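Peer 1: Got a sequence here, can you build the structure:
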Amino acid sequence: MARKPSIVMLSLSMMLLLLVQNNATITEAPTPQPQQSTNGFPMHGVTQGSLHPQECAPRCTTRCSKTAYKKPCMFFCQKCCAKCLCVPPGTYGNKQFCPCYNNWKTKRGGPKCP
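Peer 2: So this is what the prediction gives:
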């Protein structure tokens, strides 16, 4: 039984040595910066990661303003915004501005985000 803890300790110490030997540093990914508008749409909140979570509700209200299915639209829009931290501009389409929002699919392969 004493052999299992020693194997774990040996493994941990080897990983630590490899980490130190390779001078590996762990850094955070840079925060995406809002881009300048190229086609008239404001880019803040449109590019992935450019919104704060508290900004999702007003953006989704605008996004879902013309649908007849406001409740499910708001539910999925806020879910997508919480994950992607962006909402495409306008009430329909323009998903190319937010790849995460565009690429998140349902189990059947349809779009998850409105």
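
Peer 1: Next one, pLDDT for the closest residue to T67 other than its chain neighbours please.
Peer 2: Closest residue in space to T67, ignoring its immediate chain neighbours: C73 at 4.8 Å, by Cβ to Cβ, 6 or more residues apart in numbering. No exception for glycine: its C-beta is placed from N, CA and C like everyone else's. We have a pLDDT of 94 for C73.

Peer 1: in the helix or strand harbouring C73, what counts as buried?
Peer 2: If you go by DSSP states H and E, C73 is part of helix 70-84. Of the residues in helix 70-84, those scored as buried under the neighbour-count criterion (16 or more other Cβ atoms under 10 Å) are C73, M74, F76, C77, Q78, C80, C81, C84.

Peer 1: For that helix, which helices and strands make contact with it?
Peer 2: Judged by 3 or more Cβ pairs under 8 Å, 6 or more residues apart in numbering; DSSP states H and E, helix 70-84 is in contact with helix 56-63, helix 99-103.

Peer 1: just to revisit the earlier point, so which of the buried residues of helix 70-84 comes closest to K66?
Peer 2: The closest of the buried residues of helix 70-84 to K66 turns out to be C73 (Cβ to Cβ; 9.6 Å).

Peer 1: how near is the residue nearest to T62 when sequence neighbours are not counted to P72?
Peer 2: Nearest residue to T62 in three dimensions, chain neighbours excluded: T91, at 7.3 Å (Cβ to Cβ, 6+ apart). Taking Cβ to Cβ, to the nearest Å as the measure, T91 and P72 are separated by 15 Å.
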